[in-house]
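J.: How does the following fold in three dimensions:
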Amino acid sequence: PELLSLDVKTKTWKTIVTDDKPPPLYGHATAFIGTTMFVVVGGLKPGVSIEDIEESNQTWAFNPQSPNRRWKSFSSRNAAWHWHQMVPYGNDSFIIVGGRFLTHGHENKSNMIATVNEDNVSWTPLGSQEHSPFVYGHSLVITIDTKSLIVYGGVTADSSGLAKIGCNGLQSQFNFTTSSWSSPTHNTNGPGSLCFHSAAIYKRRMIIFGGCRTIKLSQTGIPFCIDSATDTSLWSWFIDQKKWSKIIPNMPDMYLTYLGSSLVWNDVLLQMGGLPTHEYQVYRNNPLPSVFGMVRLCCPRGQSVSDFANEPCNVCQKGNYSNATFPRCQKCHEGLSTTYSGSGSIFDCNSCVKDYCGFGGTCTVINSTSPISHCECYFGFMRPENSQACSIPILYAVIVGVIVMISIIACLIKKYNQSKKRNKKVLDKKETELRLLASVWVIDSRKLRLAERIDHDAPGSYGEVYRADYREMTVAVKKLQPFHRLDAMESEFDREVEMMRSVRHPNIVLFLGGGRWHTDNCPFLVVEYMPSNEHPQNQRLHSYHRDSEDKICN
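T.: Presented below is the predicted three-dimensional model:
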């Protein structure tokens, strides 16, 4: 075995020459404790058959800064384990969770915390073992504030005799304050069932990728991925909100490995070693390929955040997009929008903003190196400088304004004339009604047969009174003399007629009607006739006379 160091900036590996190094191992766990201690625990020593395989019960420690470059070996309890996980804890301790014993044929039933010093390693159980995850092929990370451990996936039973072993998607969390295990509730769906995957902590996020859904253990204890439906996403678990999200929905095949290791450097995920997740028969008799990859950690396409390490990603709103090159929400080009939120490409900006070209044109999308909007103006419209909206030129605007004003004035005149006609019809109707009402008391003079004049004893100043027959009854007729037909006299006569029409009393002769005489057009009126020999108590007086001498009764 070789101990290698990587210069991340130059992406070059360097071999660290050491003495008394550990034997070749697989299925072991490693951790860098503090700044001066690299520790290797457990594992299997390879062999040709199951009988040749040995379990290592040793803990190896190496100080890269030591001048002698020698490894130290410590006994690791009474039994050895493999496919366990370990993380550093403080400056001189590490924690082991899960694992499997080849000798005893069952999983590790106690999770441990170990302290390393110059002479030995001391082991103590990790808090309460109630609800403790006894798994192997899982992932284990410790939060940046060292307040909790997070375990994900793995195999929960020793099923080496089965043709297929299903992984699980369980997640457990250990709280150092309460020294107890719990299963956190997820707000969103996560990567599902996984085992022998890779995990790393990035401030407030746990990153998970690769792994298998179903495995088969060989006789030598090597797991092979036999599920072709391997998850192809890079997942992020936001610890504070307990929320899963996909950072990269579909990773390149070269990064889809299991049995590998990973760590985060700045905002880059480094993935090293492992076996590509294909049918295991391809690699049964061939050496494992060497795989190394780097992935920048950021929000997935269509999402953005100012501080990815400590804040959840937010979906880009409609009209914005983000991609792998620019993992921040950016506005589409002027006049363009997306049809949905969460767009992950500039080519999703494939629709025009509503009314972008104004009412005088149509908008089209031109797809070249990147989509751009283009306005096609209608006839008579033009696009001013520094503007995309199609508008009417000033001359056209004046002409259109004049036409609109003329139309408005014509409409108002039309409404006025219509209203005038309606009013005239109403007035004509009223006038007709008045004429009809007036015609009720108008008498045709040709139907009157004048008898003798009855005002000889007391003649009036401008009228003559006759006894006459009208429709088989005797009436009194007062007729204006022709030589008295002055405007003032006719007006006075008309007032008498109006007065007689409105007066009704038992002692006043009854008004029957009036009109103009057919021969000389002189006005006349007709009243009830009262003979002079009637009883005085029944005698009726008329009230139409102008003065005391104008009487029509005798």
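J.: Endpoints of stretch 498-513, how far apart?
T.: Using Cα to Cα, to the nearest Å, one end of stretch 498-513 lies 10 Å from the other.
J.: Check stretch 32-42 too.
T.: 15 Å.
J.: what's the answer for stretch 57-66, then?
T.: Distance between the two ends of stretch 57-66: 25 Å, counting by Cα to Cα.
J.: who touches that stretch?
T.: Stretch 57-66 is contacted by residues 3, 5, 16, 18, 21-22, 36-42, 69-80, 114, 116, 121 when judged by Cβ atoms under 8 Å, 6 or more residues apart in numbering. The C-beta positions use only the backbone N, C-alpha and C, and glycine is treated the same way.
J.: In contact with I239, which residues are there?
T.: I239 touches 143, 150, 204-206, counting by Cβ under 8 Å, 6+ apart.
J.: what does stretch 371-383 rub up against?
T.: With Cβ under 8 Å, 6+ apart as the criterion, stretch 371-383 contacts 332-336, 346-347, 349-350, 352-353, 356-358, 360-366, 388-393, 396.
J.: Just the buried residues of it, please?
T.: Across stretch 371-383, burial judged by 16 or more other Cβ atoms under 10 Å covers 371-373, 375, 377, 381, 383.
J.: likewise stretch 388-402?
T.: By neighbour count on 16+ other Cβ under 10 Å, the buried set for stretch 388-402 is 388-392.
J.: For those, give me TSV that also has pLDDT and secondary structure.
T.: Output for those, formatted as TSV (pLDDT from 0 to 100; DSSP: H, G, I helix; E, B strand; the rest coil):
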residue	pLDDT	secondary structure
Q388	73	coil
A389	79	coil
C390	81	coil
S391	76	strand
I392	70	coil
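J.: In TSV, list the residues you listed along with distance to G319.
T.: Below are the buried residues of stretch 388-402 laid out as TSV (distance: Cβ to Cβ, whole Å):
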residue	distance to G319
Q388	16
A389	18
C390	22
S391	24
I392	28
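J.: Identify the bridge partners of the nearest residue to I443 once chain neighbours are set aside.
T.: In space, and not counting its chain neighbours, I443 is closest to G513: 4.0 Å by Cβ to Cβ, 6 or more residues apart in numbering. G513 has these beta-bridge partners by DSSP bridges: V526.
J.: From N323, how far off is G513?
T.: Taking Cβ to Cβ, to the nearest Å as the measure, G513 falls 104 Å from N323.
J.: Now do the same contact list for the nearest residue to F196 once chain neighbours are set aside.
T.: Distances taken as Cβ to Cβ, 6+ apart put Y258 closest to F196, at 4.1 Å, once the chain neighbours are dropped. Contact analysis of Y258 by Cβ under 8 Å, 6+ apart lists 195-198, 210-212, 223, 225, 274-275, 277.
J.: now do L269
T.: Taking Cβ under 8 Å, 6+ apart as the criterion, L269 is in contact with 200, 202, 207, 209, 234, 262-263, 294-297.
J.: let's see it at 7 Å
T.: 200, 207, 262, 295, 297 (Cβ atoms under 7 Å, 6 or more residues apart in numbering).
J.: Can you give me the neighbour number for the nearest residue to the second one once chain neighbours are set aside?
T.: Translated: I207. Nearest non-adjacent residue to I207, counting by Cβ to Cβ, 6+ apart: A200, 4.9 Å away. For A200, the neighbour count with other Cβ atoms under 10 Å is 20.
J.: In which helix or strand does A200 reside?
T.: strand 198-202 (DSSP states H and E).
J.: CA atoms of the helix or strand that comes right after that strand as PDB?
T.: Next along the chain after strand 198-202, taking DSSP H and E as the criterion, comes strand 205-209. Extracted C-alpha coordinates of strand 205-209, given in PDB (Å, rounded to 0.1, in the frame of the first residue of the first chain):
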ATOM      1  CA  ARG A 205     -25.100  20.700   4.100                       C
ATOM      2  CA  MET A 206     -24.500  17.000   3.700                       C
ATOM      3  CA  ILE A 207     -23.500  15.900   0.100                       C
ATOM      4  CA  ILE A 208     -24.300  12.400  -1.100                       C
ATOM      5  CA  PHE A 209     -23.700  10.800  -4.500                       C
END
